[in-house]
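1. Need coordinates for the following:
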Amino acid sequence: MDLVKTSKKLVDKVEEKVEQGLEVVKETFDNVARHLPFANLAKHSSDIFSIEVDLPGVTKEDIDIKVEGNYLTISATRKYKNETKKDDYYLCESNFGLISRSFMLSDTIDREKIDAKYEDGRLYITLEKVESKKSKSITVK
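-> Here you go, the predicted structure:
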């Protein structure tokens, strides 16, 4: 009988620790998700694709775009400061942090023709296929 009670206590303790661990994992993923900008991917034709990345509160100068191997990586530094000065109090809230997002590029994307434009807190990236991989219409004779 003591063995059954001891086993039950042990199982209960393990379940409790697993639940605590899952809560820590959830909090960690929530924190990571706050630093991943939202992105939309679209195919405009068989040869042109676009990526739109939301980067509110970021200036154009704080955006870095790199192509390394098969990855396109967008990094930005968000610097937010809200300051209120009154006669009887001073409030300053700041939020600084690096945000980053990577996209895997296929071999069909021309690395030399990647174009980027930043407007109203949104980064627009245009990707084009390599000339030899573009679709071609063939006329029937």
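2. Beyond the lowest-mean-pLDDT helix or strand in the chain, next helix or strand please.
-> Ranked by mean pLDDT, DSSP states H and E, the weakest helix or strand in the chain is helix 2-34, scoring a mean of 69. Using DSSP states H and E, the next helix or strand after helix 2-34 towards the C-terminus is strand 39-43.
3. Who does that next one pair with, and is each partner parallel or antiparallel?
-> Strand 39-43 has these partner strands in its sheet, going by DSSP bridges: strand 48-54 (antiparallel).
4. quick one: buried residues of the partner strand?
-> The neighbour-count check on strand 48-54 (16 or more other Cβ atoms under 10 Å) flags 49, 51, 53 as buried. Yep, even glycine has a C-beta here, placed from its N, CA and C like the rest.
5. quick one: average pLDDT of that strand?
-> Strand 48-54 shows a mean pLDDT of 91.
6. just stretch 107-122 next, same as before
-> 92.
7. That one spans what distance, first to last residue?
-> 26 Å (Cα to Cα, to the nearest Å).
8. Quick check: buried residues in it?
-> Quick answer for stretch 107-122 (16+ other Cβ under 10 Å): 109-110, 114, 118.
9. can you redo these as a markdown table with secondary structure and distance to Asn70?
-> Formatted as a markdown table, the buried residues of stretch 107-122 follow (DSSP: H, G, I helix; E, B strand; the rest coil; distance: Cβ to Cβ, whole Å):
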| residue | secondary structure | distance to Asn70 |
| --- | --- | --- |
| Ile109 | strand | 9 |
| Asp110 | coil | 13 |
| Ile114 | coil | 13 |
| Tyr118 | strand | 24 |
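10. Dump the buried residues of strand 48-54 to a markdown table, plus distance to Lys79.
-> Converted to a markdown table, those look like this (distance: Cβ to Cβ, whole Å):
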| residue | distance to Lys79 |
| --- | --- |
| Phe49 | 30 |
| Ile51 | 23 |
| Val53 | 17 |
